[in-house]
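> Curious how this folds, go ahead:
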Amino acid sequence: MDVILHVGAHRTAATTFQAYMRANSEGLARHGVGFWGPGRTRSGLFRGIIPQPDGGPERRQAQRAAGRIALAREAAGRSGVRQLVISDEGMLGSVRRNLAAGTLYPDAGARLARHVSAFGSVDRIAISIRSPALYWASCLAEAVVRGHPLPTAAEIAEIAALRRGWRAVISDIAVAAGAGEVIVMAHEELGGLPERRLWHMLGQTLLPPMTHARDWLNHGPDLAALRTALMTQGADPAALPPGTGRWMPFDAAQQAAMHEDYADDLFWLAAGADGLARLAGEKAKLAGEAGTHPHPAEELRGRHDDIEEGRMVGNR
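Next up, the predicted model:
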C-alpha cells in the first residue's frame with residue numbers, strides 16, 4: 001500500500017481538498033484509493049504521535065499510535081485500498097504556533113518525523129505553498145476573527161522580515177521523509193484544482209473525478225468580517241483600512257520583499273531543490289522542457305489576482 005501524507009500547509013485550500021476527497025470517496029475507492037482526513041486522524045487515531053502531557057511515557061504513546069495506525073491500514077488493505085491519502089495540515093504544525101513563535105512551522109521536521117515513524121515509512125509527502133505575504137495575511141485575518149487583537153506595526157514588520165521561508169520548511173520535511181518523495185505544489189497554480197493536486201499525489205497514475213472539484217470552502221475573512229470581529233472585541237474597526245475585500249497588513253515594500261523571497265524559493269524548486277523535493281505543475285514542466293528556468297516572479301504576476309479574489313480557490 002502506498003502511503004501519501006498531505007500536510008497542508010494551512011491557508012492553501014486544504015479544507016477544499018479534503019471536502020473534495022470526502023465527496024468522491026466511493027468512486028476513488030473503486031480505483032483502490034483510500035482517504036483519511038481530519039475527521040479520522042483527529043478522532044483518536046493520531047493521538048500520541050505528538051506526545052500529550054497526560055498520555056504517559058512518550059515512547060508508550062508513540063507505540064500505541066503506531067499500533068492503531070497499523071490496524072487501520074490493515075483494515076484499509078482488506079477493503080482493497082492500494083493508495084492511501086492522509087490529509088491533515090495539523091501534521092505540519094499550527095497557525096497559532098507559527099504566530100506565537102514568530103516564524104514559519106518551526107518544528108515541522110520533528111513533527112513530520114514522528115508521523116513518518118508512526119507509519120513505519122511513507123511513499124510521498126505533499127505540501128502546498130503560497131506567497132508569504134498572502135499566507136501571513138490570511139493567517140492574521142483568521143486569528144483576528146478568532147479573538148486575537150490586530151497585530152501592531154512592529155509585529156507586522158517582524159513577520160515581513162522573517163528569514164525562514166518555504167525552502168527551510170521543505171528541507172526539514174525532506175529529512176523527515178526518509179526515502180519518501182516530497183512533492184511541492186504552488187497554491188497560485190494548483191490551489192483551485194483539487195483533482196490536479198490528487199493526480200500529482202498519486203504519482204500521476206489515475207485521472208481523478210471532477211465531481212465537486214470546484215466547491216470552495218473556508219474562505220478567509222474579508223475586511224467586513226474583520227470589522228465585525230473587532231467590534232465584538234470592543235476594539236475600534238477604524239484601525240482597519242477603508243474599503244472591502246481582503247485585508248493586506250503589509251505595505252508595498254514589505255510585500256515586494258516577501259514576494260521576491262517566494263520567487264527565489266520557487267526558482268530553487270524548479271531547479272531541482274538540491275534533490276530534496278519535486279515541484280509539481282506547469283512551471284516545473286516548462287523548466288524541464290527548456291532546460292532552463294525563468295525566474296517565477298513574472299509567472300506569478302496576474303495569477304494572484306484571479307486566484308486571490310476567490311474566483312478559483314477557497315482558503316484565502
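> As a check, name the ranges of all helices in the stretch 201-316 of the chain.
When secondary structure is read from DSSP state H, counting those that start in this stretch, the stretch 201-316 of the chain shows helices at 223-233, 252-270, 282-290, 296-300, 303-306.
> Residue 79 and residue 85, how far apart?
When C-beta to C-beta, to the nearest Å is applied, the distance between residue 79 and residue 85 equals 15 Å. In this view, the C-beta of every residue, glycine as well, is placed from N, C-alpha and C.
> And residue 78, by the same measure?
Counting by C-beta to C-beta, the separation of residue 78 from residue 85 is 18 Å.
> Who has more neighbours out of these two?
Here residue 78 and residue 85 are compared on neighbour count by other C-beta atoms under 10 Å; more neighbours surround residue 85, at 24 against 8.
> who touches the more buried one in this structure?
With contact set as C-beta atoms under 8 Å, 6 or more residues apart in numbering, residue 85 has these partners: 4, 6, 21, 33, 34, 35, 36, 198, 201, 202.
> could you dump those residues to TSV with secondary structure, pLDDT and neighbour count?
As requested, the contacts of residue 85 are exported to TSV (DSSP: H, G, I helix; E, B strand; the rest coil; pLDDT from 0 to 100; neighbours: other C-beta atoms under 10 Å):
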residue	secondary structure	pLDDT	neighbour count
4	strand	98	24
6	strand	98	27
21	helix	97	23
33	strand	97	25
34	strand	98	23
35	strand	98	23
36	strand	98	21
198	helix	96	26
201	helix	97	25
202	coil	96	21
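> wait, which of these is closest to residue 139?
For the contacts of residue 85, the residue nearest residue 139 by C-beta to C-beta is residue 6; the value is 18.9 Å.
> got the phi/psi numbers for the closest residue to that closest one other than its chain neighbours?
Leaving out its chain neighbours, the residue that sits closest to residue 6 by C-beta to C-beta, 6 or more residues apart in numbering is residue 87, at 3.9 Å. Listed backbone geometry of residue 87 is phi -120, psi 120, with angles given as degrees, to the nearest 10.
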